[in-house]
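**Q** Output the structure for:
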Amino acid sequence: MRVLQIHNSYQHRGGEDVVVDIEQDLLRRHGVKVEQLMFSNDQLNPVNLYFNKSAAVELRQKIQSFQPDVIHVHNLFYQASPSVLYEAKKHRVPVVMTLHNFRLICPNAMFMRNNGVCTQCLDRKFATPAIRHACFQDSGIKSAALASALFYHNLRGSWRKKVDKFLVLTPFIRNLILSSSLNLQPDQVAVKPNSTDDLAPIFPPEDRSGPYVCIGRLSKEKGLNTLIEAFNRLPELKLCIIGDGPQMEELSELAGPNIQFVGPKDRQSVQQALKRAPALIFTSVIYEGLPNGIIESFSAGTPVIASDVDNINQIVNHKQNGLLFESKNTDDLVKTIQYFNDHRDDKLYRGARDTYEQKYTHQQNFEALMNVYHSVASSYEEKNT
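**A** Residues are numbered from 1 along each chain as shown. All right, here's what the predicted structure looks like:
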């Protein structure tokens, strides 16, 4: 099996970029031949949102030299563009595409507005509300440009006709995508979670001597003001915030002395922090996808205290592998942390580890990937014989 990954990397490296590298390494360790065709948004031409000829040429050359059996697209915005889907079909190479976010439907990719979930564009072929509210980079003009490109490709059938299988990260997201204006068929969309390294957990929970941990981008959708307010009211408990982002300065000024900002850390440092932490705290106010921090926490046998937002509340099961609190409710978060800290229920730690072993191991990810690849390759072969 020869797999070509296509990915438009982000200006600030994030979870999607990490997943692409993890899956490349995973496949290679099992003897699969993998190459990558990477794009960046250093120089962005709005016309490329519709079709980037240079990206199509790059893919044509890569197909000719590598001869892939399957192309796996992770992110095609903005330089890769849908042109790579059309080029793949010209060469009769089946395409798998992972939907790491909601960009095909929602211009800001997060289903977020006014610091909460917004799905006004879910069933609209043209995302008029996104333009009206300047949802993409706070710009009406940029929102209009992206919404127009998405409308054009939806109308043309680029997603329905040029992608053989869409992969989504959770059942909730699958249901959301199938109810959207994309008009995909159920057999076009499969659930395949990400995976993470196996971290040997520390049991019993009494041995967790580190601070509580929060991991991720420091931005409004993460609900971090609620987190800071909660720990300011819990001065006897320590919190370590790992990550960087536009809210760093604002949050640092609000935080009490029991809250430490350590900036971005390498994966090994993050994993060690999770193994020592009583719990991971996840306060996002949006659906998210499948946050790497949560599945890494499960691998470490570390429970997650998370906001009760759809999708997240199906990843974190209340009183099984963590606890849920009412999103954006500081009082409820304080009570939940106090309850957790007073009880340190061993069942939650075992439940977190069980969740990892049942859903998020590398072996499960590899087997799921190969099943999808073989399925689309054989199906494509049958259609073209």
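**Q** Show me the shaky parts of the protein.
**A** 11-12, 43-44, 202-206, 382-385 (pLDDT under 70).
**Q** If you count contacts, what does the longest helix along it end up packed against?
**A** Taking DSSP state H as the criterion, the chain has its longest helix at helix 362-383. In this structure, helix 362-383 makes packing contacts with helix 15-29, strand 70-75, strand 95-98, strand 165-168, judged by 3 or more Cβ pairs under 8 Å, 6 or more residues apart in numbering; DSSP states H and E. In this view, the C-beta of every residue, glycine as well, is placed from N, C-alpha and C.
**Q** what's the spacing between the second one and its chain's center?
**A** Chain-centre distance of strand 70-75: 15 Å, with Cα atoms, centre = their mean, to the nearest Å.
**Q** Direction included, what does that strand pair up with?
**A** strand 2-8 (parallel), strand 95-98 (parallel) (DSSP bridges).
**Q** Which residues outside the longest one are in contact with it?
**A** With contacts defined as Cβ atoms under 8 Å, 6 or more residues apart in numbering, strand 2-8 is touched by 16-17, 20, 23-24, 27, 32-41, 59, 62-63, 66-80, 84, 93, 373.
**Q** tell me the angle of it relative to helix 362-383?
**A** Note on geometry: by axes from the mean of the first three to the mean of the last three Cα atoms, to 10 degrees, strand 2-8 and helix 362-383 are set 100 degrees apart in direction.
**Q** i'd like the first residue to be 190 from this point on
**A** With 190 as the first residue, the last one maps to strand 191-197.
**Q** list the buried ones in strand 191-197?
**A** Within strand 191-197, the residues scored as buried using 16 or more other Cβ atoms under 10 Å are Val192, Leu193, Gln194, Ile195, His196, Asn197.
**Q** Any figure for the gap between Gln527 and Lys508?
**A** The gap separating Gln527 from Lys508 is 15 Å, by Cβ to Cβ, to the nearest Å.
**Q** One more: Tyr341?
**A** 47 Å.
**Q** neighbour-wise, which of these two wins?
**A** The neighbour count for Tyr341 versus Lys508, taken as other Cβ atoms under 10 Å, is higher for Tyr341 (15 against 12).
**Q** Mind giving me the packing neighbours of the helix or strand that contains that one?
**A** Assigned by DSSP states H and E, Tyr341 belongs to helix 329-345. On a contact count with 3+ Cβ pairs under 8 Å, 6+ apart, helix 329-345 meets helix 317-321.
**Q** Can you give me the buried ones in the helix it packs on?
**A** Buried residues in helix 317-321 (16+ other Cβ under 10 Å): Pro318, Ala319, Ile320.
**Q** For the second one, give me its contacts.
**A** With contacts defined as Cβ under 8 Å, 6+ apart, the neighbours of Ala319 are Cys295, Pro296, Asn297, Gln309, Cys310, Phe325, Ser332, Leu335, Ala336.
**Q** Apart from its neighbours in sequence, what residue is nearest the last one?
**A** Read it as Ala336. Ala316 (4.1 Å; Cβ to Cβ, 6 or more residues apart in numbering).
**Q** Check the gap between that neighbour and Pro492 for me.
**A** 38 Å.
**Q** which of those two has more neighbours?
**A** Pro492 (30 against 27).
**Q** Surely that one and His532 touch.
**A** No: applying Cβ atoms under 8 Å, one finds Pro492 not in contact with His532, separated by 10.8 Å.
**Q** who touches both of the two?
**A** Joint contacts of Pro492 and His532 (Cβ under 8 Å, 6+ apart) do not exist.
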